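>>> Need coordinates for the below:
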Amino acid sequence: MKGWSMMSLGSDVEIADNTYFKHPWLISIGNQCAIDHGFYCTTQLTLENYVHIAPYVTVIGSEKGHLICKDFTSIAAQTCMVCGGEGPDGLVGPFFDEELTDRNIGTITLEKYANIYSNCTVIYGVTMAEGSTLAANSFLAKDTEPWTIYGGSPAKPIGKRDEKKIKEFGEIHAGH
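I've put the predicted structure just below:
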């Protein structure tokens with residue numbers, strides 16, 4: 001895989017050729033994960049098992065930012081995960097010392113069975129609870145509740161998911 005020296009790489013992993021990892025030594029990928037065409041990542045990345053990242057997903061925020069995707073999670077096409085960025089009270093750009101910027105950096109976590117649909121933006125510090133889903137074209141800036149569907153900008157609860165059915169499908173797939 002392009003000679004990347006990753007922290008860890010599981011089995012049955014597919015990574016598209018044009019994937020970009022700015023800090024590959026900060027990447028940990030579990031088993032049965034797929035990263036599609038055009039993935040761009042400038043942060044730490046932890047993918048557990050059965051994770052899918054669709055085409056043209058961007059994860060930004062420096063090597064101090066972190067995206068964690070737990071088992072059975074997915075991020076759909078053209079989504080932007082902002083693990084860090086500049087605020088309004090400093091200089092903007094990668095060439096300035098931290099004391100001259102107003103950087104906000106953190107972790108985004110997708111708990112088991114959480115999913116993000118196409119064209120969404122999620123910002124640093126957010127945890128998507130187990131089974132929660134973010135509808136297409138949404139902006140998420142706050143933690144979610146388990147097994148709840150969120151949509152809009154800003155995202156708000158719009159429905160519920162069937163926890164029992166989804167967990168059963170996951171167990172069948174994992175062979176438990």
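>>> contacting residues for residue 10?
Counting by Cβ atoms under 8 Å, 6 or more residues apart in numbering, residue 10 touches 29-33, 49. Every residue, glycine included, has its C-beta placed from N, CA and C.
>>> of those, closest to residue 40?
Nearest to residue 40, judged by Cβ to Cβ, of the contacts of residue 10 is residue 29 at 15.8 Å.
>>> Identify the residues contacting the most centrally placed residue in the chain.
With distances taken as Cα atoms, centre = their mean, residue 67 lies nearest the centre of the chain, 5.1 Å away. With contacts defined as Cβ under 8 Å, 6+ apart, the neighbours of residue 67 are 41, 43-46, 59, 81, 83, 107-108.
>>> Just the closest of those residues to residue 124, please.
For the contacts of residue 67, the residue nearest residue 124 by Cβ to Cβ is residue 83; the value is 5.1 Å.
>>> Now do the same contact list for that closest one.
With contacts defined as Cβ under 8 Å, 6+ apart, the neighbours of residue 83 are 43, 59-62, 65-67, 105-108, 124.
>>> In strands only, show me those.
59-60, 66-67, 105, 107-108 (DSSP state E).
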